[in-house]
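>>> Prediction below, plus the sequence it came from.
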Amino acid sequence: MNRCTTESTENAEKRITKKEDNSCLHHALSTEEGNRRLAETSKNAFILEIKDLGKSFGGVEALHNITFSVPSGITQAIIGPNGAGKTTLLNCISGVIKPTRGRIIFLGKYIENLQPHKIAALGISRTFQNVALFKRMSVIENVTIGLHTKTRSGFTSCALRLPPMIGEERYIFERAREWLEFVGLADEMNKEAGSLPLGKQKLLEVARALATEPRLLLLDEPAGGLNTAETEQFGDLIEKIKNLGITVVLIEHDMNLVMERSDQIAVLHYGKLLATGTPQEIKKNPQVIEIYLGKEE
């Protein structure tokens, strides 16, 4: 990894270097270091708790008394047929919509009534089922958007291009480049985002989400529309993200990806929680087999 950027003024150097050190440390976590940090977390600690969550749209109940918990440092999959309420659940967690009732607890804090930007600031980031990029901007510019919360320069500093602003600009682009390298898009950084094929656009959206340095990453059907090789690449990326100590909540229809990469699965059906368990337990659950997985030939 490249050394952290310094700048010309002493005060700016201290401020920027402190932020860069934290980012570099986080980004440089090896599998071994990530596992060590996870081991330091209580085995009974939950990063996310959903309690009696409900969401109604008029007379339609999209979520009905959903209750489950996500331990820190795992990949939690959420599966179910189309219309089961999976994306609605993610929208409630990320603050895009407000639940009708129930509680959402993130790192011990109630977040169900917070605005999306406040939830993001606490450490939750997400991708969307339909890729949401600034397609006429460059690849690296899309990632820098995810880093705007890490900057402090005001209007005057930006307008006059004072040393603190220049240092922060260097910081942003260096961190963005590192996250692009992490997802395998460093060679595409100067291309227009809209020119990338779908698989790489989805990788770019993940890089932008990771740039916020989340504790919890929500992935909404990342393998949708991808071929087998691209799906396998995404599975490897999910494992790399988990090894950074980031908890992943994954909505996905590709059952090979779900069963191979998730630690715990929650199954939704018509807005209700049908079952929870490990992949092995879910594979053997009679209700899940009948309603969703089907019997193996």
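Okay, I see it.
>>> Can you give me every residue that contacts residue 116?
For residue 116, the contact set (CB atoms under 8 Å, 6 or more residues apart in numbering) comprises 94-96. Yep, even glycine has a C-beta here, placed from its N, CA and C like the rest.
>>> Show me those that map onto strands.
Using DSSP state E, no member of the contacts of residue 116 sits in strands.
>>> Give me the buried subset of these.
With neighbours counted by 16 or more other CB atoms under 10 Å, the contacts of residue 116 contain buried members at 94-95.
>>> Now go through the contacts of residue 116 and say which are in helices.
Counting by DSSP state H, these place residue 94 in helices.
>>> Looking at the contacts of residue 116, which is nearest residue 261?
residue 94 (21.1 Å; CB to CB).
>>> Spatially nearest residue to that closest one, not counting backbone neighbours?
Using CB to CB, 6 or more residues apart in numbering and skipping residues adjacent in sequence, the residue nearest residue 94 is residue 126, 5.0 Å away.
>>> again, but for residue 104
residue 112 (4.3 Å).
>>> Does the one you found lie in a helix or a strand, and which?
Counting by DSSP states H and E, no helix or strand carries residue 112.
>>> distance of it from residue 97?
Relative to residue 97, residue 112 is positioned 10 Å away (CB to CB, to the nearest Å).
>>> what do you get for residue 104?
Residue 104 is 12 Å from residue 97, by CB to CB.
>>> if we can go back for a sec, between residue 112 and residue 97, who's got more neighbours?
Just comparing residue 112 and residue 97: by other CB atoms under 10 Å the higher neighbour count belongs to residue 112, 19 against 16.
>>> Low-confidence ranges, this structure, go.
Applying pLDDT under 70 to the chain flags residues 1-44, 148-168, 293-297.
>>> swap the cut-off to 50 and go again
Within the chain, the segments meeting pLDDT under 50 span 1-31, 40-44, 153-162, 297.
>>> Identify the single longest helix in it, thanks.
helix 163-183.
>>> How far off centre is it?
Chain-centre distance of helix 163-183: 20 Å, with CA atoms, centre = their mean, to the nearest Å.
>>> can you offset everything so residue one is 358?
I'll keep to 358 as the first residue from here, and by that count the last item is helix 520-540.
>>> Who are the packing partners of that helix?
Counting contacts by 3 or more CB pairs under 8 Å, 6 or more residues apart in numbering; DSSP states H and E, helix 520-540 packs against helix 367-384, helix 496-502, helix 512-517, helix 555-567.
>>> May I see the buried residues of the second one?
Right, helix 496-502. Applying a neighbour-count criterion of 16+ other CB under 10 Å, the buried positions in helix 496-502 are 496-501.
>>> Toward the C-terminus, what is the element adjacent to the strand or helix carrying residue 587?
Taking DSSP H and E as the criterion, residue 587 maps to helix 585-600. Per DSSP H and E, the first helix or strand lying C-terminal to helix 585-600 is strand 604-608.
>>> angle of that next one against helix 585-600?
Per axes from the mean of the first three to the mean of the last three CA atoms, to 10 degrees, the angle that strand 604-608 makes with helix 585-600 is 150 degrees.
>>> Show me how far the helix or strand that strand 604-608 is followed by is from its chain's centre.
As assigned by DSSP H and E, the chain's next helix or strand after strand 604-608 is helix 612-618. Relative to its chain's centre, helix 612-618 lies at 18 Å (CA atoms, centre = their mean).
>>> so how many other residues sit close to the residue nearest to residue 443 when sequence neighbours are not counted?
Among residues not flanking residue 443 along the chain, residue 608 sits closest, at 4.7 Å (CB to CB, 6+ apart). Using other CB under 10 Å, residue 608 has 24 neighbouring residues.
>>> how close does residue 608 get to residue 531?
Computed as CB to CB, the residue 608 to residue 531 distance reads 32 Å.
>>> With residue 458 instead?
Using CB to CB, residue 458 is found at 45 Å from residue 531.
>>> Of the two, which one has the most company?
The neighbour count for residue 458 versus residue 531, taken as other CB under 10 Å, is higher for residue 531 (18 against 13).
>>> Tell me, how many residues neighbour residue 466?
10.
>>> ignore the last one, residue 609
When neighbours are counted by other CB under 10 Å, residue 609 registers 24.
>>> again, but for residue 409
Neighbours of residue 409 using other CB under 10 Å come to 12.
>>> Over to residue 477?
As a burial measure, residue 477 scores 19 neighbours (other CB under 10 Å).
>>> Secondary structure element holding it?
Taking DSSP H and E as the definition, residue 477 sits inside helix 473-479.
>>> So which bits of that helix are buried?
476-477.
>>> Stretch 547-559 too?
550, 553, 556-559.
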